[in-house]
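Asker: Below is the sequence, then the predicted model.
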Amino acid sequence: MDLKEWFANRQKRREVEAVGVKQPLTTEEYCALWTTCFQCRELLYTRDLRANLYVCMKCQYHFRVGAFDRIEQICDAGTFEEIDSAMHSGDPLNFFDTEKYPKRQEDASRKSGLTEAVLTGICKIGGQGAALGVMDFAHFGGSMGSVVGEKVTRLAEKAQALGLPLIIVSSSGGARMQEGILSLMQLAKTSSALKSFHDQGGMYISVLSEPTFGGVTASFAMLGDFIIAERGARIGFAGRRVIEQTIRQKLPADFQTAEYLLKHGQVDMVLDRSKLKDSLAHLIAFHTGKQKAVGELEKNGRAAAQSVGSAKV
């Protein structure tokens, strides 16, 4: 804002004040200004919370982050290019509970601003190319339907074709029940695509955020060459209450948290959100350098073999 705009805004405020008494903030305006921390109940100024990557300044609680904010936090500015943006879920089962499935899809899109629960594309992280997929829990609870599975599969194939590392940030409640067996088929499809990607020497980094459950955990979320969890994220297959009712035992207080999984060898590292981008850039650089080194060794080996063959002749 330049000086002229600042004075113009000040003049407008004075004119409003001259008309009469200020109206109190509406509930929506108040909620937009302040956010309550779910863990410590501290009242946080939303602008400061956003600047701190949606991490509570008092207790370090990591809030859930939407796909657009996550991309802004991870990618170099202006480098993300979305792919497969036109894909939409159908209604193969004509599913209806209290509302029709297409109506629920429209409501989810209005809430999240997305057409599906995952956003995929090509980007740069620390100046290095990568294929990135980001799930958004705000869209249908991040559930995996046929389109989510297809977009993840295509992203893996795109990374393989371009020789890029693959990064997927998961945040999901599991498979999408409105698509029945078709949603469960995505577990096998995504796993198969990642196997092909791995066999071609690609590096896959899986980032687990709050929360990651169900079919996503049972498929691509836990298949990474590196599995990184955000601090405090809840990760599992079934929910805590379901497990306790099944085994009739009380589970530890920190059960299914990122720290618990790290202690029991289920994830490779637990990171604060502020360190995530730098860590991803470091892993990509390490892998890219390793690939170059292997390429040089193979090239030198072929040259040595040819020279030996010439000498024999």
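Answerer: The structure has been received and is ready for your questions. These numbers come from a predicted model, not from an experiment.
Asker: any idea how far the spatially closest residue to Gly90 that is not a sequence neighbour lies from Ile181?
Answerer: Of all residues not flanking Gly90 in the chain, Ser146 sits nearest, at 7.7 Å (CB to CB, 6 or more residues apart in numbering). The C-beta positions use only the backbone N, C-alpha and C, and glycine is treated the same way. Distance check for Ser146 against Ile181: by CB to CB, to the nearest Å, it reads 10 Å.
Asker: what's the answer for Gln39, then?
Answerer: From Gln39 to Ile181 the distance is 38 Å (CB to CB).
Asker: what sits against His88?
Answerer: By CB atoms under 8 Å, 6 or more residues apart in numbering, the contact list for His88 reads 105, 115-116, 147.
Asker: out of those, which is most surrounded?
Answerer: Glu116 (27 neighbours; other CB atoms under 10 Å).
Asker: on that earlier part again, okay, and which of the contacts of His88 map to strands?
Answerer: Judged by DSSP state E, strands contain none of those.
Asker: Just send the residues you listed back as TSV, with pLDDT and distance to Leu251 too.
Answerer: Shown next, in TSV, are those (pLDDT from 0 to 100; distance: CB to CB, whole Å):
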residue	pLDDT	distance to Leu251
Gln105	92	35
Thr115	92	37
Glu116	94	33
Val147	96	34
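Asker: from the residues you listed, which ones fall inside helices?
Answerer: Counting by DSSP state H, the part of those found in helices is 105, 147.
Asker: Report the two of the contacts of His88 separated the most.
Answerer: Gln105 and Val147 (10.1 Å; CB to CB).
Asker: where does Val207 land in three-state SS?
Answerer: Using DSSP: H, G, I helix; E, B strand; the rest coil, the structure places Val207 in strand.
Asker: residue boundaries of the strands in the protein?
Answerer: Going by DSSP E, the chain shows strands at 34-36, 43-45, 81-82, 118-125, 128-135, 166-172, 204-212, 226-230, 269-271.
Asker: What count of nearby residues applies to Gly78?
Answerer: Gly78, neighbours per other CB under 10 Å, totals 8.
Asker: Tell me the pLDDT of it.
Answerer: Confidence at Gly78, expressed as pLDDT, is 93.
Asker: same deal with Tyr260?
Answerer: So Tyr260 comes in at 96 (pLDDT).
Asker: can you pull the contacts of it?
Answerer: 252, 254.
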